[in-house]
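Enquirer: using only what follows, build the 3D model:
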Amino acid sequence: MLVLDVAVATVALVPIQREFDVSPGNLQWVTTAYGVTFGGLLVLGGRLADVLGGRRMLQAGLTMFTIASVGCGAAQEPWQRSSAAEPRESGQRSAPPRH
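Expert: Numbers count the residues shown, from 1 in each chain. Next up is the predicted model:
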């Protein structure tokens with residue numbers, strides 16, 4: 001799943017560069033920020049699952065993901081979509097897989 005998420009972020013670099021007129025050097029920061037945020041939230045979600053329980057974190061993460069996905073779908077402006085995307089990703093990362 002990690003490889004798929006990074007691949008999706010990498011594919012999105014060309015539209016990001018075109019839409020926001022980002023230099024090729026700054027595109028690396030987009031990938032780096034995504035990876036660091038991904039890793040940090042995944043570790044945090046795992047730790048919270050240890051403390052609060054895996055079932056509770058799974059339910060909270062799925063609820064956050066669902067509500068934020070509705071917000072992404074209802075967005076009318078790019079900033080609204082971006083504002084809803086981060087909570088969606090946070091919800092996805094806070095629902096760690098069971099081992």
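
Enquirer: okay, now the unreliable bits of the protein?
Expert: 1-6, 78, 95-99 (pLDDT under 70).

Enquirer: in the biggest helix by length in it, what counts as buried?
Expert: Criterion DSSP state H: the longest helix present in the chain is helix 24-52. Residues of helix 24-52 classed as buried by neighbour count (16 or more other CB atoms under 10 Å): Leu27, Val30, Tyr34, Phe38, Leu41, Leu42, Gly45, Gly46, Leu48, Ala49. C-beta: built from backbone N, CA, C; applies to glycine.

Enquirer: next SSE downstream of that helix?
Expert: Counting by DSSP states H and E, the next helix or strand C-terminal to helix 24-52 is helix 54-74.

Enquirer: tell me the centre residue of this structure?
Expert: Glu89 (2.6 Å; CA atoms, centre = their mean).

Enquirer: which of the buried residues of helix 24-52 lies closest to Ala68?
Expert: Closest to Ala68 out of these is Leu41 (13.2 Å), distances taken as CB to CB.

Enquirer: correct me, but that closest one touches Pro87?
Expert: No: using CB atoms under 8 Å, Leu41 makes no contact with Pro87, being 10.9 Å away.

Enquirer: grab the nearest non-local neighbour of Val22.
Expert: Of all residues not flanking Val22 in the chain, Ile16 sits nearest, at 6.1 Å (CB to CB, 6 or more residues apart in numbering).

Enquirer: residue contacts, that neighbour?
Expert: Val22, Leu27, Val30 (CB atoms under 8 Å, 6 or more residues apart in numbering).

Enquirer: closest to Arg55 out of these?
Expert: Val30 (34.3 Å).

Enquirer: tell me the spacing between that closest one and Gln59.
Expert: According to CB to CB, to the nearest Å, Val30 stands 31 Å off from Gln59.
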